[in-house]
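Q: Kindly return the folded structure for what I paste below:
(one chain, ligands or ions: 1)
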Amino acid sequence: MPEKSPPECKAVAAAIASAKSVLLTTHARPDGDALGSVLALHLACVQAGKTSTIFLLDEVPRRYQFLFRDAPLPPLPIDLNAAFAQAAGGVDRVVILDTSSQGQLRAIAPALAKLREKVIVLDHHQSGDDLAACAWRDASYSAAGGMVVDLLGELRWPITPALAEPLMTAIVTDTGWLHYSNTDARTLHCVARLIEAGMKPDMLYGRLYQCDRPQRVRLLAAALDSLQLHADDRLAMLTLTLEDFTRTGASQDETEDFASEPLRIGTVELAITLIEQGGGEIRANLRSRGVVDVAAMARLFGGGGHARAAGFRSKESMATLKSRLLELGQTALAATGSL
Ligand SMILES: [Mn+2]
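A: I've put the predicted structure just below:
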């Protein structure tokens with residue numbers, strides 16, 4: 001069981017408890033933690049008799065659509081900022097989960113800037129911006145979902161089976177199904193509580209990781225085929241072009257977890273995955289075994305994340321990005337002394 005809640009958790013709990021209506025949102029290109037946390041808090045607020053609305057900045061990736069079978073989302077509005085401003089105007093509180101980074105909320109930034117007093121932030125990332133008068137930020141949590149579990153405890157709201165599934169999704173996707181270095185005793189206590197609440201880990205694993213389309217597996221094959229190794233096999237680079245997507249029929253939202261694949265190679269310390277997005281943009285996903293701080297690397301390009309998993313988007317060409325990241329990566333590895 002969690003120790004005494006920190007004052008920030010109590011403040012967030014009090015703010016949510018006193019609201020009659022809430023609007024919940026999270027970062028662009030939401031992952032399992034973002035979606036699971038938002039959905040669980042939404043269902044909990046509804047159970048508590050509040051009016052709750054989920055507002056997403058991007059579509060739910062295919063892998064997570066099953067979570068929303070009983071909470072269907074409306075189509076994305078064309079003008080996200082206008083729609084968000086209107087929705088936020090009609091509620092007591094806006095809750096942002098799993099980010100406090102302006103860069104990850106760019107589509108609604110103008111509206112958000114006027115709402116500071118209304119906004120509540122709940123986030124487990126190291127870096128972030130000052131978006132809210134009421135914020136609970138704690139990078140010692142492995143997932144925002146773990147913070148939601150403790151928030152529910154503070155609110156004395158029950159974890160029903162309907163909440164356990166999205167909360168487990170949140171925790172397992174941010175911990176690599178409990179194998180990343182952020183998996184700690186508190187994470188496992190959370191998981192134990194979710195299993196007690198009716199969560200079936202084998203069923204969820206099957207739903208999340210054994211329901212791929214053939215197109216995704218073919219795209220993964222293309223990504224692995226692109227593997228290049230540098231710096232005595234300590235730096236790995238994967239690249240996917242738009243042509244790879246066309247040829248395999250896979251979609252952009254099916255690339256999740258590709259970035260960790262090179263870490264299967266025992267010597268790889270730093271893995272860089274570059275994915276062409278269309279519109280002249282490239283998404284870079286950086287993974288580290290631990291010696292290189294990839295969040296620091298991502299910040300050089302306006303991105304962010306965690307020390308071992310970070311990313312950014314860039315308008316630079318594939319060739320330029322590759323050579324810049326290769327040089328930075330080699331320098332970072334050299335600084336660790338074993339190159
Ligand atoms: Mn997260």
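Q: which residues does the residue in the stretch 1-150 of the chain that the ion sits nearest to contact?
A: Closest approach between the stretch 1-150 of the chain and the ion, counting by CB to the ion: D33, at 3.4 Å. Just so you know, the C-beta spots here come from the backbone N, C-alpha and C atoms, and that holds for glycine as well. Applying CB atoms under 8 Å, 6 or more residues apart in numbering, we find D33 in contact with D98, A143, A144, G145, T169, A170, I171, T173, D174.
Q: Redo those as TSV? Include neighbour count, distance to C134 and secondary structure.
A: Formatted as TSV, the contacts of D33 follow (neighbours: other CB atoms under 10 Å; distance: CB to CB, whole Å; DSSP: H, G, I helix; E, B strand; the rest coil):
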residue	neighbour count	distance to C134	secondary structure
D98	30	16	coil
A143	28	21	coil
A144	31	16	helix
G145	34	20	helix
T169	29	26	helix
A170	33	21	helix
I171	29	24	helix
T173	23	26	helix
D174	27	23	helix
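Q: So what touches the helix or strand hosting L220?
A: In the assignment (DSSP states H and E), L220 maps to helix 214-225. Under the contact criterion CB under 8 Å, 6+ apart, helix 214-225 has outside partners 238-240, 244-245, 247-251, 254-255, 258, 261, 273.
Q: Mind doing that once more with 6 Å?
A: Around helix 214-225, the neighbours that count as contacts under CB atoms under 6 Å, 6 or more residues apart in numbering are L238, L240, D244, T248, G249, A250, E254, F258.
Q: With stretch 109-121 instead?
A: When contacts are defined by CB under 6 Å, 6+ apart, stretch 109-121 is touched by residues 12, 15, 81, 84-85, 88, 93-96, 100, 102, 131-135.
Q: Which of those are buried? Put it as a ChimeraX command.
A: Here is the ChimeraX selection string for the buried members of the contacts of stretch 109-121, based on 16 or more other CB atoms under 10 Å:
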select :12,15,81,84,85,88,93,94,95,96,100,131,132,134,135
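Q: Give me the three-state assignment for the nearest residue to E316 once chain neighbours are set aside.
A: Once flanking residues are discounted, E316 sits nearest to I282: 7.0 Å by CB to CB, 6 or more residues apart in numbering. Per DSSP: H, G, I helix; E, B strand; the rest coil, the local secondary structure of I282 is strand.
Q: Count the residues that sit near I282.
A: Per other CB atoms under 10 Å, the neighbour tally for I282 reads 22.
Q: circling back to that earlier point, want to throw the contacts of D33 into a markdown table with pLDDT and distance to the ion?
A: Listed next are the contacts of D33 as a markdown table, based on pLDDT from 0 to 100; distance: CB to the ion, whole Å:
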| residue | pLDDT | distance to the ion |
| --- | --- | --- |
| D98 | 97 | 4 |
| A143 | 98 | 5 |
| A144 | 98 | 5 |
| G145 | 98 | 8 |
| T169 | 98 | 11 |
| A170 | 98 | 7 |
| I171 | 98 | 9 |
| T173 | 95 | 8 |
| D174 | 94 | 5 |
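Q: Now M237. Its backbone dihedrals?
A: With angles defined as degrees, to the nearest 10, M237 sits at phi -130, psi 130.
Q: ok, now A44?
A: According to degrees, to the nearest 10, A44 has phi -70, psi -40.
Q: quick one: the helices in the stretch 151-300 of the chain?
A: Assigned by DSSP state H, counting those that start in this stretch, the helices in the stretch 151-300 of the chain fall at 161-174, 185-196, 201-209, 214-225, 242-248, 294-299.
Q: Pick the most deeply packed of those.
A: Comparing these by mean neighbour count (mean count of other CB atoms under 10 Å), helix 161-174 comes out on top with a mean of 26.
Q: Can you list the helices and strands that it packs against?
A: Applying 3 or more CB pairs under 6 Å, 6 or more residues apart in numbering; DSSP states H and E, one finds that helix 161-174 makes contact with helix 32-47, helix 144-155, helix 185-196.
Q: Return the distance of that helix from the chain's centre.
A: Centre-to-centre, helix 161-174 and its host chain are 13 Å apart (CA atoms, centre = their mean, to the nearest Å).
Q: List of residues touching it?
A: So helix 161-174 is in contact with 32-33, 36-37, 39-40, 43-44, 67, 142-143, 145-146, 149, 190, 194, 197-199, 204, going by CB under 6 Å, 6+ apart.
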